[in-house]
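Colleague: Structure for this input, please:
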Amino acid sequence: MNLTWGEIATFREYFPEYRDLPLIGILATLAVEDSVLSYAEKQGFLVLAVGDQVMEVKNRPGFEPKRWWRGKPSRPLRGSGPARPLP
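Modeller: Predicted structure coming up:
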């Protein structure tokens, strides 16, 4: 589950139209154990798993995903507000 900067660069080679936008890593699964959720959050990933009827975001309240800008990871600055929703 360790996303490398090389993989980010490769993604941008295949999809150059997204080169100026941040990328967010997502782990999607049917069910997620607490230990996997904790590890994924430390890596900065959003975690999706099946809820009652649909996929749900399983990250803990206040979690902010890591964003990769041009291959460099970053996190939002404290107090910068919530992340903008993806289109």
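Colleague: going forward, measure contacts between C-alpha atoms and count neighbours the same way
Modeller: Fine.
Colleague: In three-state terms, label residue 7 for me.
Modeller: The three-state assignment at residue 7 reads helix, by DSSP: H, G, I helix; E, B strand; the rest coil.
Colleague: how near is it to residue 15?
Modeller: According to C-alpha to C-alpha, to the nearest Å, residue 7 and residue 15 sit 12 Å apart.
Colleague: do residue 23 as well
Modeller: Taking C-alpha to C-alpha as the measure, residue 23 and residue 15 are separated by 11 Å.
Colleague: More neighbours: which of those two?
Modeller: residue 23 (19 against 10; other C-alpha atoms under 10 Å).
Colleague: Which residue, neighbours along the chain excluded, lies closest to that one?
Modeller: Once flanking residues are discounted, residue 23 sits nearest to residue 68: 5.0 Å by C-alpha to C-alpha, 6 or more residues apart in numbering.
Colleague: from what I can see, residue 13 looks like it's in a strand, true?
Modeller: No - per three-state DSSP, residue 13 lies outside any strand segment and is helix.
Colleague: Got the confidence number for it?
Modeller: At residue 13, the pLDDT value in this model is 87.
Colleague: Run a quick neighbour tally on the residue nearest to residue 23.
Modeller: By other C-alpha under 10 Å, the residues close to residue 68 number 18.
Colleague: Dig out what residue 55 forms beta bridges with.
Modeller: Taking DSSP bridges, one obtains residue 50 as the residues bridged to residue 55.
Colleague: unless I'm mixing things up, it is touching residue 48, no?
Modeller: Yes - if you go by C-alpha atoms under 8 Å, residue 55 and residue 48 touch, sitting 6.1 Å apart.
Colleague: Those two: which is more packed in?
Modeller: More crowded of residue 55 and residue 48, by other C-alpha under 10 Å: residue 48, with 20 against 15.
Colleague: dump the residue contacts of that one.
Modeller: Going by C-alpha atoms under 8 Å, 6 or more residues apart in numbering, residue 48 touches 26-29, 55-59.
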